[in-house]
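S.K.: Whatever this is, show me its structure:
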Amino acid sequence: MQEKIRLCVLFGGRSAEHEVSVISARSLIQSVDLDRYELLLVGIDRDGCWAKFDSENDLKSIAQVSIENQEILRLDYIDGGLIRGSEGTAYPVDVVFPMLHGPYGEDGSVQGLLELANIPYVGSGVAGSSVGMDKVIMKSVFEAEGLPQLEYCVVSRNDWQSDKTQIMELVLSKFGFPVFVKPANMGSSVGVSRVIDESQLTSAIDVASRFDRRVIIEKSAESFLEVEVAILGNDSPEASVAGEIELIGNVYDYEAKYLDNSTKLHIPARIDNQTSDELRKLAIRAFYAVNGSGLSRVDFFVQPDGNGIYLNEINTMPGFTPVSMYPLLWEKSGVTYSRLIDRLIDLAIERHNDKRMNQINL
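M.R.: Numbers count the residues shown, from 1 in each chain. All right, here's what the predicted structure looks like:
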């Protein structure tokens, strides 16, 4: 009998997407093949403290991680491949699924920690995660690769606080309304506002600057379809069928993604085959551009007639809840949820083994 893979699932975290991470982890744990994996469930509270959860029952009723009455853990990056308990108990780990969204989860932070510990993990590496999380750097990389994007500008929190009048004049001279205002480093549309006139611009920049020191102001893609493609793979990635988000409101924000059932998803998207094929090619190019690994979801704005396509962003650790686009896109592409988990873990181990071939000493 083949020995089980010791899988550590990380969830929670310090970001504003803490609750989404818990929901994603709960979905994963309920679907994982327990004949193949031995689970170690590690919750991270909002202060960054790690704790061991004994079973999926511990997660069924919680919205956020509390370490009360749980065994406190730490990652042993010296010995490598171990997570240690408060009493010195060692929990060996073969691979980690960092089911973490937002800052301190998908921005390269925890990926760097796992690199130090020499533990395989699902998803992109430090560089790919960082670029995918930082919309300013991401857009610069996409521009260098010749990928189509909407017009945008970047405002620093320091400049905004120093001279709001000058920044307002800059934005008004560059864009017409509506525009979108968003923090550079945040996922799940947290801190994002759609601004329809000058009177709303100040408060929108104030909101976005609460979440990051840089704010992106971007031309709105009015009357465009929002279409997403899921990527799976390492050096030879595959693209899923394209899926479309039909918005009931004006913003596909946190509430629309996870709390509001009124948003409609069309899988496949209501576009012609030629446009769908083009999106899948562009999604793979975007994945290569950021040096992605394992999984990503690539988001586009598409004119209904297919004559205009703009790349919005790439998400290197997309939501994994039952209503999240990433698993739904792969389900419609013939990959079940449980099989998707297996593929991602296999890809993590494959990437780690490939990296071990690197010579790091002279």
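
S.K.: what about residue 140, is that helix, strand or coil?
M.R.: helix (DSSP: H, G, I helix; E, B strand; the rest coil).

S.K.: Could you report the neighbour count for it?
M.R.: Look at residue 140: counted by other CB atoms under 10 Å, it has 13 neighbours. Yep, even glycine has a C-beta here, placed from its N, CA and C like the rest.

S.K.: same check, this time on residue 3
M.R.: A total of 7 residues lie near residue 3 under the criterion other CB under 10 Å.

S.K.: Check residue 205 too.
M.R.: Close neighbours of residue 205, defined as other CB under 10 Å, add up to 21.

S.K.: now swap in the one 5 residues further on and tell me
M.R.: Counted by other CB under 10 Å, the residues lying close to residue 210 total 13.

S.K.: Chain neighbours aside, what residue packs nearest to it?
M.R.: residue 191 (6.6 Å; CB to CB, 6 or more residues apart in numbering).

S.K.: pretty sure that neighbour is in contact with residue 183, am I right?
M.R.: Yes: using CB atoms under 8 Å, residue 191 makes contact with residue 183 at a distance of 4.4 Å.

S.K.: Give me the common contacts of these two.
M.R.: 208, 210, 211, 212 (CB atoms under 8 Å, 6 or more residues apart in numbering).

S.K.: ok, now which ones touch the first one?
M.R.: What that stands for is residue 208. 181, 182, 183, 191, 192, 193, 215, 216.

S.K.: residues touching the residue nearest to residue 210, list them.
M.R.: Counting by CB under 8 Å, 6+ apart, residue 191 touches 16, 182, 183, 207, 208, 210, 211, 212.

S.K.: Which among those count as buried?
M.R.: Using 16 or more other CB atoms under 10 Å as the burial test, the contacts of residue 191 include 16, 182, 183, 207, 208, 211, 212 as buried.

S.K.: Name the SS class of the fourth one, please.
M.R.: So that's residue 207. Secondary structure, three-state DSSP: residue 207 is helix.

S.K.: Kindly provide the distance from it to residue 133.
M.R.: 19 Å (CB to CB, to the nearest Å).

S.K.: Check the fifth one too.
M.R.: When CB to CB is the yardstick, residue 208 and residue 133 sit 15 Å from each other.

S.K.: Equivalent analysis for residue 183, please.
M.R.: Distance of residue 183 to residue 133, given as CB to CB: 11 Å.

S.K.: What are the boundaries of the helices in the stretch 1-150 of the chain?
M.R.: In the stretch 1-150 of the chain, the segments counted as helices under DSSP state H, counting those that start in this stretch are 18-31, 109-116, 126-133, 135-144.

S.K.: Which positions within stretch 49-65 qualify as buried?
M.R.: By 16+ other CB under 10 Å, the buried positions in stretch 49-65 come out as 49, 50, 51, 52, 53, 56, 58, 59, 65.

S.K.: Test my guess that the first one contacts residue 67.
M.R.: Okay, so that is residue 49. Yes: applying CB under 8 Å as the test, residue 49 and residue 67 come out as touching, 5.2 Å apart.
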